[in-house]
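Student: for reference, the sequence and a predicted model appear below.
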Amino acid sequence: MKLRKKSAILPALLLLGILLFGGCGKQGKQQITAVEQLNDPNYTVGVGDGTAGMFQAEEYLPEAEKAHMDSVTGYMAVSQGKIDAFVYDRVMMEFAIANGLTGVTLLEEALGEATDVAVGISPKTKIEGLTEEINRFLEELKADGTLEDMYERWIQKADGTMPDIPKPENPDCKLKIGTTGLVQPFSYYEGTELTGYDIEMIERFGAWMNAEVEIKTYDYGGVIAAAETGEIDCIMANLNVTEERRQHIPFSDPIYRSETAVMVAAGPEAAGANGGRGYQALSDFAEARFGALNGTIVDEMVQKRIEDATDFSFYNSVPDIVAALKANRIDAAPLDEPIARLAVAKNQGLKIFEEPVETDQYGYAFPKGSPLLQQFNEVIARFWEDGTIEAMKEKWLGADDSVKTLTEQDWAGENGTIRYYHDDTHEPMTYLGNSGEPLGLEIDLLLLIARELDYQVELTACEFSSLIAALESGKADVASGSMSITEERMKRVDFADTHYDAALVFLIRDDTGTVGEKGFWAGMQESVHSTFVVEGRWRLILSGLGVTVLISVLAGVFGLLLGFLLCMMRRTRHPLARWSAAVVVRMIQGTPMVVFLMILYYVIFGKVDISGIVVSVIGFSVNFGAYSSEMMRSGIETVDKGQSEAALAMGYTKMQTFWKIVFPQAAANFIPVLKGEFISMVKMTSIVGYIAVQDLTKVSDIIRSRTMEAFFPLIVTAILYFAVANGMTALLSMAERGVLPKRKKRTVKGVRMS
C-alpha cells in the first residue's frame, strides 16, 4: 500500500512543480534584434485576438507560428520564454514595461505601417447621426487642445487622474458605449472604478451629447460583435482601424495614429550602451543615452564631468524619465539624489550609480529684489539650528506614506498672501498626491516658514521649465522644485539660503539581477498587497465572486426545474413533446457552452436591452437543464416497473406512484451524478467574461492587467473557485441526506427489542 500511495503522490508533485516552476522557455535561439528574424516557422509570435497586431502579424510574418492570447498573458509569455515575441500596440507595451514588467524589450522597428485609432460605430445604433456627432466632438477636442492634453496626461506622463466631468441632469438620450477595462492607460480599473484615456473620452462625449452613458466592458474579440449586433452604440477602446473591421462596422475620423511594435525577451545588449558590462566609472557613460528634465541644466553639469556625453533627450517629468529608462530608451537619468532615491524605492530593477556627478544645493527662488528673501533666510537658519529641516527629511524621505501630509494653514496670515509656484513631479520634494493634492518636503517647509512669518500661502502647480518665467513675469512670489542654486539662474532670480544639501546622481538600470530581488515570503506579501489591498481590489474580487455564486445558484435552481420538465416531456406518450425535448437536449449537448452563450447574447437577445448576468443565468440554466434531464430520465428508468404496477394495484394513483415510489428511488441514483454536473457548471461560468460579465475570472484578468503578475492572481482565482465548489458540494450533500430515503434513519414503530 505504501508503494501505491507513493506512486500516486509523485505525479502530483511533478504536476505541482511544473505549475510553479515550469516554463523554462525555448533554448538555443539567437537573440532577436530585427523583425525579419521572426518570419520563420521555428519562431512563435503571440497576437491578440481581433487586434491590429494580429492582422499585421499575418501579413508581415506569415511564416511564424501564431499563438493567440490577451495582452497580459502575452507579456508574461515573452518574459518567461514561452513564446519568442508578442505583437501589440507600442504605447501599451511601453506602459507595461514602465509599470514593472521586466525581462523584455521592444524592437525599435515597427511591424508594418502605423494605423489609425478611431471610434467604432454600431451600424444598428438608434442614435440618429451618431457618426457625424462623434466626428464633430473629436474635431472640437482637437481644436481646443483637449485631445492633445488627454494624450499627454494619460499616455505620455502616465498621470492617471480622472478630471471631474459633470454628468447631464436631464439627458436627451441614452448611449451604450463598449470598452475593454483591461488596457492601461486607455481603459482599466482603479479599484472598482473604470478610468483611463478612453473612459475620460466617454464621459466627455456623454456630457457633450447631453446623454446618459452606460459603459459595457468586453474583450476585443467580443466588442466588435456587440457593436455589429446593436448591443452597444459605439466603441471607445483604443480601437485600431483595419480593413477587416471596416467590413463589420463603420469608424469615426481618426483620433491619433498607433504603431504596432514587437516585444521580445531582453538580451545582453539591453543592459546599456556599454554592451552590458556594467558601469564602473563616470567615464563609462561617455556613449550613454541620457534622459534629462526640461528646464534643468543637468546636461551642462554632466558634460563638465564627461566631455563626450552628447546624447540627451529631454522629458517633462520624472515619471517620464523613469519610464524611458525602464523601457530602454535611455541608459542613465541625471537626477537629484532624493528623487533618484525615491525612484529606486518604488521601481524594481533600478539603482543609483555610486559616484555622484556633482554635489548640489536646493533653494527657494524669488524675483530679483524681493523683500521676502531676507525674511526667508532668517527662518531657514533657525530651522537648521533647531532640527526642523532634519525632521522634514525624516518625514518626507521615509517609507511611511501615512505621515506625509502638509501643515494646515490655521494661522491668520495678517501679513498677506505668498503666491507659491511649485513643480508637481519632483517627488518627494514637490509633487501631487493620488487625489491631486500638493505634497512634498519643500511645500511643507515653505508652509512652516510662512507660519513663522504670518503669511497665507496660495499654492500653484507649474511645469518646472516655467517656474523662473512665473517669477520674472510677477505671477509668483516664490518658486521651488528641487531647484539647484546655480550662477546661470542667479542672473535671473535670487535664491534663499539652501534648505537641502544634495547631489546630482545617475539613475540607471540594475542589470545584475540582484538589486530588488525578494525572498519567497517577501514576494508573496507584495503580491497579496498588490492583488488585494492596493486601490481596494479586494472589493473587486468580492464583487466578481458574488456574480459567480449568483449565476451558479440561479442556474442550478432554474436548470433543475427545466431539467425535470424536459425529463417528463421525454417520458410522455405525446410524440411532438417527446421529439421536441429530445431535439433541445441534443442541440444543447452538441454546442460548446461559450458558443451557445455568445449566440444568446449577440443573436437571440442582440436587440434586447438585457443584462449579461441575466443572459448567463438563462444560458447556464438551459445547459444544466439539458444534462440534468438525461440524468433524471436514466435514474427513473432504473426503477423496476413492477413496483409501479404493484402500487397501482394497491390503489395508488399514477401521480402518487411516481412521487412516493418511483422518484425517491430514482433520486438515489441520479443525485450523486447531478452533484458532479453542478460543480462542473460552477467552474464553467468562468466563460461569462465573453459577454461583458465581471465574474471571478474576469476580475482576475482585470487585476493581472494592473499588477503585471501572471502567477498570484490566477492562484487566488483557482483557490476561490475551489472554495466555492467545495462549499456548494457540502450544501448539496446536506440536501442529499435530507432527500434520499436510504440516508434517513428509520424507526419501526411497535417493535421492541428485548
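Tutor: Everything's here; your move.

Student: hang on, Ala503 packs against Leu335?
Tutor: No. Using CB atoms under 8 Å, Ala503 is not in contact with Leu335, being 10.0 Å away. To be clear about C-beta, it is placed using only N, CA and C from the backbone, and glycine gets the same treatment.

Student: can I assume Arg204 sits in a strand?
Tutor: No. Under DSSP: H, G, I helix; E, B strand; the rest coil, Arg204 falls outside any strand and is assigned helix.

Student: got a list of what it touches?
Tutor: By CB atoms under 8 Å, 6 or more residues apart in numbering, Arg204 lies in contact with Phe137, Leu141, Thr146, Ile165.

Student: now name the helix or strand holding the first one.
Tutor: It stands for Phe137. Secondary structure from DSSP states H and E places Phe137 in helix 130-143.

Student: for that helix, name the packing helices and strands.
Tutor: Other helices and strands packing on helix 130-143, by 3 or more CB pairs under 8 Å, 6 or more residues apart in numbering; DSSP states H and E, are strand 115-121, helix 146-151, helix 197-209.

Student: tell me how far the first one lies from the chain's centre.
Tutor: The reference is to strand 115-121. 22 Å (CA atoms, centre = their mean, to the nearest Å).

Student: what average pLDDT does it get?
Tutor: Mean pLDDT, strand 115-121: 92.

Student: that strand vs helix 197-209, what angle?
Tutor: Angle, strand 115-121 to helix 197-209, by axes from the mean of the first three to the mean of the last three CA atoms, to 10 degrees: 50 degrees.

Student: still on that earlier bit, which of Ala503 and Leu335 has more residues huddled nearby?
Tutor: A count of neighbours by other CB atoms under 10 Å puts Leu335 above the other of Ala503 and Leu335, at 29 against 16.

Student: check which helix or strand the more buried one maps to.
Tutor: Counting by DSSP H and E, Leu335 is found in strand 332-336.

Student: ok now that strand, how far from the chain's centre?
Tutor: 29 Å.

Student: tell me the confidence at Asp253?
Tutor: 94.

Student: and the one 5 residues further on, by the same measure?
Tutor: Per-residue confidence (pLDDT) for Ser258: 84.

Student: where's it relative to Ala391, distance?
Tutor: 49 Å (CB to CB, to the nearest Å).

Student: do the same with Gly481
Tutor: 21 Å.

Student: these two: which is more packed in?
Tutor: Neighbour count, other CB under 10 Å: between Gly481 and Ala391, Gly481 has more, with 28 against 13.

Student: how many neighbours does Val302 have?
Tutor: The burial count for Val302: 24, using other CB under 10 Å.

Student: what sits against it?
Tutor: By CB under 8 Å, 6+ apart, the neighbours of Val302 are Phe285, Phe290, Ala309, Pro334, Val357, Leu504.

Student: redo that, cut-off 10 Å
Tutor: Going by CB atoms under 10 Å, 6 or more residues apart in numbering, Val302 touches 282, 285, 288, 290, 292, 309-310, 312, 332, 334, 357-358, 504, 506.

Student: which among those residues gets closest to Ile32?
Tutor: Ala288 (23.5 Å; CB to CB).

Student: hang on, Lys174 packs against Ile215?
Tutor: No. In this structure, Lys174 is not within contact of Ile215 by CB atoms under 10 Å, at 11.8 Å.

Student: the longest helix in this structure is where?
Tutor: Ranked by residue count and defined by DSSP state H, the top helix of the chain is helix 537-571.

Student: I would like the residues contacting the helix holding Phe137, please.
Tutor: For helix 130-143, contacts defined as CB under 10 Å, 6+ apart pick out 118-123, 125, 127, 129, 146-150, 173, 175, 201, 204-205, 208-209, 211, 233-234, 236, 250-256.

Student: now do the buried residues in the host helix or strand of Leu194.
Tutor: For Leu194, the host element (DSSP H and E) is strand 193-195. For strand 193-195, a neighbour-count test (16 or more other CB atoms under 10 Å) marks Leu194, Thr195 as buried.

Student: show me what that strand is packed against.
Tutor: Contacts defined by 3 or more CB pairs under 10 Å, 6 or more residues apart in numbering; DSSP states H and E place strand 193-195 against strand 187-190, helix 197-209.

Student: which is the next helix or strand following the longest one?
Tutor: Yep, that's helix 197-209 we're talking about. Counting by DSSP H and E, what follows helix 197-209 is strand 211-217.

Student: mind giving me the packing neighbours of the helix or strand hosting Ile443?
Tutor: For Ile443, the host element (DSSP H and E) is helix 441-453. Taking 3+ CB pairs under 10 Å, 6+ apart as contact, the helices and strands that helix 441-453 lies on are helix 372-386, helix 388-396, strand 417-422, strand 430-432, strand 456-461, strand 478-480, strand 500-509.

Student: name the next helix or strand downstream of the fifth one, please.
Tutor: So the one you mean is strand 456-461. Strand 456-461 is succeeded, C-terminally, by helix 467-472 (DSSP H and E).

Student: related to what we said a few turns ago, between the helices and strands packed on strand 193-195, which one is nearest to Ala582?
Tutor: Nearest of these (CB to CB): strand 187-190, 45.0 Å.

Student: which residues does Met429 contact?
Tutor: The contact partners of Met429, by CB under 10 Å, 6+ apart, come to 336, 338-339, 342, 362, 396-397, 422-423, 439-445, 480-483, 500, 502.
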